[in-house]
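Undergrad: I would like the atomic coordinates for the input below:
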Amino acid sequence: MIGDNSTDGVRAYEAQAERLVAEYEAVDPAMYRGTFESMLPSGAGRLALDVGAGSGRDAAWLEELGFDVVAVEPAAGMRDAGRRLRARSSIRWLDDRLPGLHGTHALGLSFDFILLSAVWQHVAPTERPRAFRKLSSLLKPGGLLVLTLRHGPAPPDRPMYAVSVGEIEALAREHGLGVLSKIDGVGDTLRRPGVSWTTMCLTLPDDGSGGLPLLRGIILNDDKAATYKLGLLRAVAKVADLTPSLAHQHPTDDSVELPLGVVALNWVRIYLPLVRCGLPQMPKNSGPDGLGFAKDGFRALMADGLAPADLRVGAAFTGERALAVTAAISEAARTIATMPANFTRYTNSSARVFGATLRRAPKASPLALDPQSLAEFGSLSVPGHVWRAMQRLGAWIDPVLTAEWARLMRGYAERRGSPMPPGQAEAALAWTEPTRDVRAAREVALGFIEAGRRLRCVWSDRPLTATTLDIDHCLPWSAWPCGDLWNLLPAHRITNQREKRDLLPSAATLTAARGGIVGWWTNAWESQPAFAARYMREASSTLPITTDASSEAVFDGLAWRRLRLRQDQQVVEWTASRSPA
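TA: Predicted coordinates:
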């Protein structure tokens, strides 16, 4: 079991995978598990991360205890053995490694329990501070982190480094974790001479990060000459909620980088209805004349009558509308960089919370709002603890943001002697979701049926006709309003309306339906020129896709997004009564 980024180390485990798997599977792990089992988090919807999972022995045990499990293992031979030995499990395997854990962070998940069993000795001492920071940032408040530290001689064929309890204690203090227990002298299950183990159990108390108090202070306490700081926070929070896969972990620190274009896009979307209603965004000026970002592009969108919900990641525009959208995003990006990102500071400090880098985006038509084009406007750096607070506590943050924003606007209006009607500010601040539209999927599916092509329900495998066809949102609209093509699946009307309804497909149900779902995507979207670009653009914008673009990669991204929706919102799961053949 290995977790470092050493190519030689991974190769050693690759070369000996068969022998090592046999050794790991043969021993009784009860003694070592007993050093932390009583401290494992309880309750429904628990998520565990096994870093350096090897053959998945501990991952399978955690699944038996009721955890959803992500198993990280960089050695392909070990992963293959784990998948083979646990073929009937729901463990999600990931090719990733310390110190970066880039793929794991890209999923946007946080974990109740993180296990590093026989891994820390493989991480070079110079890389351990970064590795520990990455691990602590993946841990939920109140979650448990367990490391087993190996003492004694290393085998000649596998690189290992000395470990110490003091080092872990110092790293825990630096990152706000508390040490629950340390158990020394744990025997070696393989009975290797001179080898012993220490189990260290750490926890992240309360919020642990300081991100929530910082956000609360900016929202409620900061001096505000306009609503711009609230606009920036809400624009970033919407990225964290709706398109977190656009965030990239900074390679050397705990921050994440967002395409400035997506932040500016959300900014324009938020402000359009406010300006159209003439709601004041600063004490002295009203309307677009008083707003630095409301220049030619923004005015063109106002005159165009474009609905805010049309300004979403994955959308595409042509002609004059494309030029207007590009200009509006560029204007907003410049305002964000020079105003709220520049003046949002830490409490009692001159240090900026956000870092913005501007680039000159090309004026092009057509315009596709995909990750690549949105990155052309520049980048915004967000502190890691702020980003995680926005991801985990968005249900609290957005209502507080909008309530404070409405209060500011009412105050501005009263100072001018033109008070707002009750509810006007709140209505204009409502985040408008896209219209629930399944026409494209229905038309394609009906075309298949009329042409005599085989079309079956992805959930029940029943054959579909024009009268029994329904289009199902795989991830339910009620929990996450997403009309992207990948989320629209052909289903039998009885299955969809009487069984699945607005429930979340369980991991087992989704896995069983994989062939039908990927087949539908391939035939309906990927192989059709009219839809292929839109399908992949939407998928790459809203799903954590880390491999080359393909429907198989999209399915893996869907599975990760399902897991995050289950974790964040605790949506009730549904298991199909009949799995596809």
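Undergrad: Need the residue closest to the centroid of the protein.
TA: By CA atoms, centre = their mean, the chain has its centre lying nearest to residue 108, at 2.7 Å.
Undergrad: residue boundaries of the helices in the stretch 301-450 of the chain?
TA: 319-338, 340-343, 371-375, 384-392, 394-415, 424-429, 439-450 (DSSP state H, counting those that start in this stretch).
Undergrad: Out of the ones you listed, the one nearest residue 521 is which?
TA: Residue 521 sits nearest to helix 439-450 of all those, at 10.7 Å, using CB to CB. All C-beta spots, glycine's among them, are computed from the backbone N, C-alpha and C.
Undergrad: buried set for the closest one?
TA: 440, 441, 442, 444, 445, 446, 448, 449 (16 or more other CB atoms under 10 Å).
Undergrad: Could I have the CA atoms of that helix written out in PDB?
TA: Only the C-alpha atoms of helix 439-450 are listed here, as PDB (Å, rounded to 0.1, in the frame of the first residue of the first chain):
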ATOM      1  CA  ARG A 439     -37.500  18.400 -25.800                       C
ATOM      2  CA  ALA A 440     -34.200  17.600 -27.400                       C
ATOM      3  CA  ALA A 441     -33.900  14.200 -25.600                       C
ATOM      4  CA  ARG A 442     -37.600  13.400 -26.400                       C
ATOM      5  CA  GLU A 443     -37.200  14.200 -30.100                       C
ATOM      6  CA  VAL A 444     -34.100  12.100 -30.500                       C
ATOM      7  CA  ALA A 445     -35.700   9.200 -28.600                       C
ATOM      8  CA  LEU A 446     -38.900   9.300 -30.600                       C
ATOM      9  CA  GLY A 447     -36.700   9.500 -33.800                       C
ATOM     10  CA  PHE A 448     -35.000   6.200 -32.700                       C
ATOM     11  CA  ILE A 449     -38.400   4.600 -32.100                       C
ATOM     12  CA  GLU A 450     -39.900   5.700 -35.400                       C
END
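Undergrad: who's in contact with the closest residue to the residue nearest to the centre of the chain other than its chain neighbours?
TA: Excluding its sequence neighbours, the residue lying closest to residue 108 (CB to CB, 6 or more residues apart in numbering) is residue 244, at 4.0 Å. Applying CB atoms under 8 Å, 6 or more residues apart in numbering, we find residue 244 in contact with 108, 391, 544.
Undergrad: quick revisit: what's the separation between the residue nearest to the centre of the chain and residue 563?
TA: 10 Å (CB to CB, to the nearest Å).
Undergrad: ok, now residue 79?
TA: Distance from residue 79 to residue 563, by CB to CB: 18 Å.
Undergrad: Pipe the helices of the stretch 301-450 of the chain into a markdown table and attach distance to residue 83 and mean pLDDT per row.
TA: What follows is the helices of the stretch 301-450 of the chain, written out as a markdown table (distance: least, CB to CB, whole Å; pLDDT from 0 to 100):
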| stretch | distance to residue 83 | mean pLDDT |
| --- | --- | --- |
| helix 319-338 | 43 | 95 |
| helix 340-343 | 45 | 95 |
| helix 371-375 | 30 | 92 |
| helix 384-392 | 29 | 88 |
| helix 394-415 | 34 | 89 |
| helix 424-429 | 47 | 93 |
| helix 439-450 | 32 | 96 |
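Undergrad: so which of those helices gets nearest residue 67?
TA: helix 384-392 (18.2 Å).
Undergrad: What helices and strands are in contact with the closest one?
TA: Helices and strands touching helix 384-392, by 3 or more CB pairs under 8 Å, 6 or more residues apart in numbering; DSSP states H and E, are helix 128-138, helix 211-220, helix 228-242.
Undergrad: Point out the most buried one among those helices.
TA: Sort those by mean neighbour count, taking mean count of other CB atoms under 10 Å, and helix 228-242 sits at the top with a mean of 23.
Undergrad: Contacts for that one, please.
TA: 215, 218-219, 222, 224, 246-247, 258, 262-264, 266-267, 270-271, 281, 313, 335-336, 339-341, 343-344, 354, 380, 382, 387, 390-391, 394, 397-398, 401-402, 404-405, 408, 431, 542.
Undergrad: still on that earlier bit, of the contacts of residue 244, which is the nearest to residue 376?
TA: Distances from residue 376 to the contacts of residue 244, taken by CB to CB, are shortest for residue 544, at 21.5 Å.
Undergrad: Might one say that that closest one is in contact with residue 108?
TA: Yes: at 6.7 Å, residue 544 counts as touching residue 108 under the criterion of CB atoms under 8 Å.
Undergrad: Next, show the common contact partners of those two.
TA: 244, 245.
Undergrad: Can I get stretch 395-414 in CSV? Just the C-alpha atoms.
TA: Below are the C-alpha coordinates for stretch 395-414, written out as CSV (Å, rounded to 0.1, in the frame of the first residue of the first chain):
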residue,chain,number,x,y,z
ALA,A,395,-27.2,26.2,2.2
TRP,A,396,-26.4,28.7,5.0
ILE,A,397,-24.2,31.1,3.1
ASP,A,398,-26.6,32.0,0.2
PRO,A,399,-29.6,33.0,2.3
VAL,A,400,-27.4,35.2,4.5
LEU,A,401,-25.8,36.8,1.4
THR,A,402,-29.2,37.5,-0.2
ALA,A,403,-30.7,38.8,3.1
GLU,A,404,-27.9,41.3,3.6
TRP,A,405,-28.0,42.3,-0.1
ALA,A,406,-31.7,43.0,0.1
ARG,A,407,-31.2,45.0,3.3
LEU,A,408,-28.5,47.1,1.7
MET,A,409,-30.7,47.9,-1.4
ARG,A,410,-33.6,48.8,0.8
GLY,A,411,-31.4,51.2,2.8
TYR,A,412,-30.0,52.8,-0.4
ALA,A,413,-33.6,53.3,-1.7
GLU,A,414,-34.9,54.8,1.6
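Undergrad: what's the burial count for residue 309?
TA: For residue 309, the neighbour count with other CB atoms under 10 Å is 15.
Undergrad: Kindly provide the distance from it to residue 479.
TA: Separation of residue 309 from residue 479 (CB to CB) stands at 18 Å.
Undergrad: returning to that earlier point: who wins for proximity to residue 147 among the helices of the stretch 301-450 of the chain?
TA: Ranking the helices of the stretch 301-450 of the chain by proximity to residue 147 (CB to CB) places helix 384-392 first, at 20.7 Å.
Undergrad: what residues does that closest one touch?
TA: Helix 384-392 has contacts (CB under 8 Å, 6+ apart) with 108, 110, 137, 140-141, 207, 209-212, 214-215, 236-237, 240-241, 244, 247, 253-256, 353, 397, 568.
Undergrad: make it 6 Å
TA: 110, 137, 209, 210, 211, 212, 215, 237, 240, 254, 255, 256 (CB atoms under 6 Å, 6 or more residues apart in numbering).
Undergrad: now the angle from it to helix 211-220?
TA: Relative orientation of helix 384-392 versus helix 211-220 (axes from the mean of the first three to the mean of the last three CA atoms, to 10 degrees): 80 degrees.
Undergrad: Next one: residue 521 from residue 146, what distance?
TA: From residue 521 across to residue 146, the span is 39 Å (CB to CB).
Undergrad: Residue 484 contacts residue 538, correct?
TA: Yes: counting by CB atoms under 6 Å, residue 484 touches residue 538, with 3.9 Å between them.
Undergrad: neighbour count winner among the two?
TA: residue 538 (26 against 21).
Undergrad: thinking again about what came up before, find me the pLDDT at the residue nearest to the centre of the chain, would you?
TA: Looking at residue 108, its pLDDT stands at 83.
Undergrad: Which of the helices or strands spans it?
TA: Residue 108 is part of no helix or strand, with elements assigned from DSSP states H and E.
Undergrad: Repeat that for residue 472.
TA: Going by DSSP H and E, residue 472 is part of strand 469-473.
Undergrad: This completes my enquiry, with thanks.
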